[in-house]
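fold the following for me, if possible:
(one chain, ligands or ions: 1)
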Amino acid sequence: MNTVDVIAIDGPVASGKGSVSSGVAKKLGFHVLDSGSLYRLTAYSALTQKADLDDEAEITRIAQSLKPVFKDGKIFLNEEDVTDAIRHEEVGLAASRIAVHTAVRSSLFELQRNFAQAPGLVADGRDMGSVVFPEAVLKVFLTASAQSRAERRIKQLKEKGISSNIDDLVRQIKERDERDMNRSAAPLVPADGARILDSSDLTLDETISQVLEWYREIRP
Ligand code: DC
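Just a heads-up that it's a prediction; the model follows:
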C-alpha cells in the first residue's frame, strides 16, 4: 500500500494528460509517471526486434526484459536515447496494439507501482485510477473532443517541424480511442470516483488549476 499521495490522471490519446500531469507535479513538487512511455518502450523494442505484435508471449518477454532508465527528462533503453523515437505515431499505434495483452500489462504493473515515492506522484495513463493505483487520493479523467485533440497534436508536431494532415490525425485518434476503450484488459474508462474534466475549451493552465483545486479540497 502506498503511503504517499498519488494523483491519477487518465484519459484518451492527445487529451493533454502529459502536459497537465507535468504541470500539476511541478506545482506540488511530485514525481511523474508517464505510463504510456512504458507501453511505447515495449512497442519500440518489439518493432526494433521485428517481433509479431499479436504474439502475447513474445511481447510479454520483451516487456519483462525492459530496463528503461529515466534521467533528466530523457529515456534510455540499453544506453540508447529513445526519448524522441518513442513519440512517433507509428510507435504509439504499436503501443496501443500491444497494450491489449493482459500478460504484457501485468509485466509492467510493478514497474509502474515503483514510481510512487515521496513526496508524491502524478500518474498519467489509461488505467492509473482503475487498476494500477486504485488507492489514488484524486482520480481525474481528462477528455477533449477528437477534433480539438487533433488540432493540439498538429500544433505540437508543427513545433517539431513535422507537417501532418488533420483528417489523418482525427482518424488515427479515433482508431486508438476505439481500441483503447474496447479492449477487454483494463479498457479506457473513468475509474470509480473519477472526476471528469473536459478540456476542449480550457487552456493548459486552466486545466492544471482545476486539478490543483480538486487536490487542495482533499488536502487543504
Ligand atoms: O499515452 P500514450 O499515447 O503515450 O500511450 C500509448 C498507448 O499505450 C496507448 O494507446 C494505450 C497504451 N497505454 C495503456 O494501455 N495503458 C496506460 N496506462 C498507458 C498507455
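
now do the same contact list for the residue nearest to Q49 when sequence neighbours are not counted.
The shortest distance from Q49 to any non-neighbouring residue, by CB to CB, 6 or more residues apart in numbering, is to I62 (6.9 Å). C-beta coordinates here come from the backbone N, C-alpha and C atoms, glycine included. Contact analysis of I62 by CB atoms under 8 Å, 6 or more residues apart in numbering lists T42, S45, A46, Q49, A51.

what does I86 give?
Neighbour list for I86: S37, R40, L41, A43, Y44, I75 [criterion: CB under 8 Å, 6+ apart].

tabulate those (CSV), appending neighbour count.
Below are those laid out as CSV (neighbours: other CB atoms under 10 Å):
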residue, neighbour count
S37, 21
R40, 24
L41, 25
A43, 27
Y44, 25
I75, 22
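
just flag the most distant two among the residues you listed.
Spanning the widest gap among the contacts of I86 are A43 and I75, at 13.2 Å by CB to CB.

which parts of this protein are strands?
5-10, 31-34, 68-71, 74-77, 80-81, 120-125, 138-143, 195-198 (DSSP state E).

show me which residues of the protein are close to the ligand?
Applying CB under 6 Å from any ligand atom, we find that the chain lies next to the ligand at 13, 35-36, 39-40, 92, 95-96, 99, 125-127, 176, 180.

what ranges do the helices span in this structure?
17-28, 35-48, 56-64, 89-98, 102-113, 146-159, 166-182, 204-218 (DSSP state H).

per-residue confidence for N2?
Note on N2: pLDDT of 51.

do the same with I162
On the pLDDT scale, I162 is placed at 79.

can you check what pLDDT the model gives the nearest residue to D52 once chain neighbours are set aside?
Leaving aside its sequence neighbours, D52 sits nearest to E58 (CB to CB, 6+ apart; 6.2 Å). Looking at E58, its pLDDT stands at 98.
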